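Trainee: Starting from these lines, generate the structure:
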Amino acid sequence: MAGETFDQLVALLTEAKAKFRVIEHEAEGKSEAISAIRGNRPDQAAKAMVLDVRGGGGGKRPVLAILPGSRKLDFAAVAALFEAKKCGFASPETAQELTGCVMGAVPPFALNPVLSIVVEEDLLANDTLFFNAGRLDRSMELDTKDWIAVAKPRVAKIAAKA
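Mentor: Model prediction:
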């Protein structure tokens, strides 16, 4: 399953003529540790989290939130953005079902059409982004402009104040 997500990403980015490179490394899913292994700053890491946003006018919907690896999520900001009453992490089982990836390997792409994608605007200050690419032992470095063009995220302030 993880190999399928990785292969989908490579095909998607190749077709889009995106500037990216694959980085092979030991299996790791924690933001600080993987940033050290890859040699990138934690604020260049695109950390992806699957959320359950519910209540309000939108019912229940899954959201893929993308943050700098050094930041924490502001759940209330995400709930407000989607006009919902509550926002929390999706269960690991739900997240894996929606993304085809284990926790820590989820890439910053909504490959499943039911996922809405939102990114913390501060992450976009980087020229390139680093992220686990559907596997714990594969990462990518990707030009930020190419990521925006392919992922088409909603941009907002969703990180907690530092």
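
Trainee: What is the end-to-end distance of stretch 117-128?
Mentor: Stretch 117-128 has an end-to-end distance of 19 Å (criterion: Cα to Cα, to the nearest Å).

Trainee: Need the contact partners of that stretch.
Mentor: The contact list for stretch 117-128 (Cβ atoms under 8 Å, 6 or more residues apart in numbering) reads 43-44, 46, 63-68, 71, 78, 81, 108-110, 129, 141-144, 148, 151-159. For every residue, glycine as well, the C-beta is placed using N, CA and C.

Trainee: Mind checking which of the residues you listed land in strands?
Mentor: Of the contacts of stretch 117-128, the ones assigned to strands by DSSP state E are 46, 63-68, 129, 141-143, 154-156.

Trainee: partners of Ile23 in the sheet?
Mentor: Taking DSSP bridges as the rule, Ile23 bridges to Ser139.

Trainee: number of nearby residues for it?
Mentor: 18 (other Cβ atoms under 10 Å).

Trainee: Now do the helices for this protein: every range, in order, please.
Mentor: Here the chain has its helices, by DSSP state H, at 2-15, 31-38, 75-81, 92-99, 144-151.

Trainee: Mean neighbour count, distance to Asp122 and mean pLDDT added to those helices, as a markdown table?
Mentor: Below are the helices of the chain laid out as a markdown table (neighbours: other Cβ atoms under 10 Å; distance: least, Cβ to Cβ, whole Å; pLDDT from 0 to 100):
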| stretch | mean neighbour count | distance to Asp122 | mean pLDDT |
| --- | --- | --- | --- |
| helix 2-15 | 16 | 23 | 90 |
| helix 31-38 | 17 | 15 | 91 |
| helix 75-81 | 17 | 13 | 96 |
| helix 92-99 | 16 | 23 | 94 |
| helix 144-151 | 18 | 12 | 98 |
